[in-house]
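Trainee: need a 3D model of the sequence below.
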Amino acid sequence: MRLAFGEHTVEVHSWETQHALMDFLSTCEAGSVVLGTHAEQHKAFSSAHVHLGWSGARRFGIGVCSEGHGLVPHLFLQPERSTLIVGFNSEVVAVDVQTGKISFRFSLDSLFRSLCMSEPA
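Mentor: Model prediction:
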């Protein structure tokens, strides 16, 4: 299943091993980023890959290595900025899917639980 994201679409997958995740990301024509590689333990692996543009012919991938505390990574889509915000382990990271660069990264004092975004008043 694909999720509409402005002129892009997003698919999310889980992987059994970090090797399987990395193999998949290597097939993304527009490049990829891997988050969570500095974690103390790697127990769960997931990816979001973005089919870029209306044709979706090129893919950009985001891989997440999770510590596996029973808390699943979350995605927040910002189509007006072509940005995906990913919450996982003990951080929140924004990735610009057009440039493939990290826009911002916040380290948390505790495990990430959920993203809750609201419009400013």
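Trainee: show me where the protein has its strands.
Mentor: 3-5, 8-15, 32-35, 44-52, 58-66, 74-78, 83-88, 91-96, 101-107 (DSSP state E).
Trainee: and the last one with strand 91-96, angle?
Mentor: Spelled out, that is strand 101-107. 170 degrees (axes from the mean of the first three to the mean of the last three C-alpha atoms, to 10 degrees).
Trainee: switch the strands of the chain over to JSON lines; also include distance to residue 25 and mean pLDDT.
Mentor: C-beta here means a position set from N, CA and C on the backbone, and glycine is covered the same way. Formatted as JSON lines, the strands of the chain follow (distance: least, C-beta to C-beta, whole Å; pLDDT from 0 to 100):
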{"stretch": "strand 3-5", "distance to residue 25": "18", "mean pLDDT": "90"}
{"stretch": "strand 8-15", "distance to residue 25": "10", "mean pLDDT": "95"}
{"stretch": "strand 32-35", "distance to residue 25": "4", "mean pLDDT": "96"}
{"stretch": "strand 44-52", "distance to residue 25": "7", "mean pLDDT": "95"}
{"stretch": "strand 58-66", "distance to residue 25": "4", "mean pLDDT": "95"}
{"stretch": "strand 74-78", "distance to residue 25": "16", "mean pLDDT": "91"}
{"stretch": "strand 83-88", "distance to residue 25": "14", "mean pLDDT": "93"}
{"stretch": "strand 91-96", "distance to residue 25": "13", "mean pLDDT": "95"}
{"stretch": "strand 101-107", "distance to residue 25": "15", "mean pLDDT": "93"}
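Trainee: as a markdown table, those with distance to residue 21 and mean neighbour count would be great.
Mentor: Shown next, in a markdown table, are the strands of the chain (distance: least, C-beta to C-beta, whole Å; neighbours: other C-beta atoms under 10 Å):
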| stretch | distance to residue 21 | mean neighbour count |
| --- | --- | --- |
| strand 3-5 | 19 | 14 |
| strand 8-15 | 4 | 17 |
| strand 32-35 | 8 | 19 |
| strand 44-52 | 4 | 22 |
| strand 58-66 | 5 | 23 |
| strand 74-78 | 16 | 17 |
| strand 83-88 | 13 | 22 |
| strand 91-96 | 16 | 19 |
| strand 101-107 | 18 | 12 |
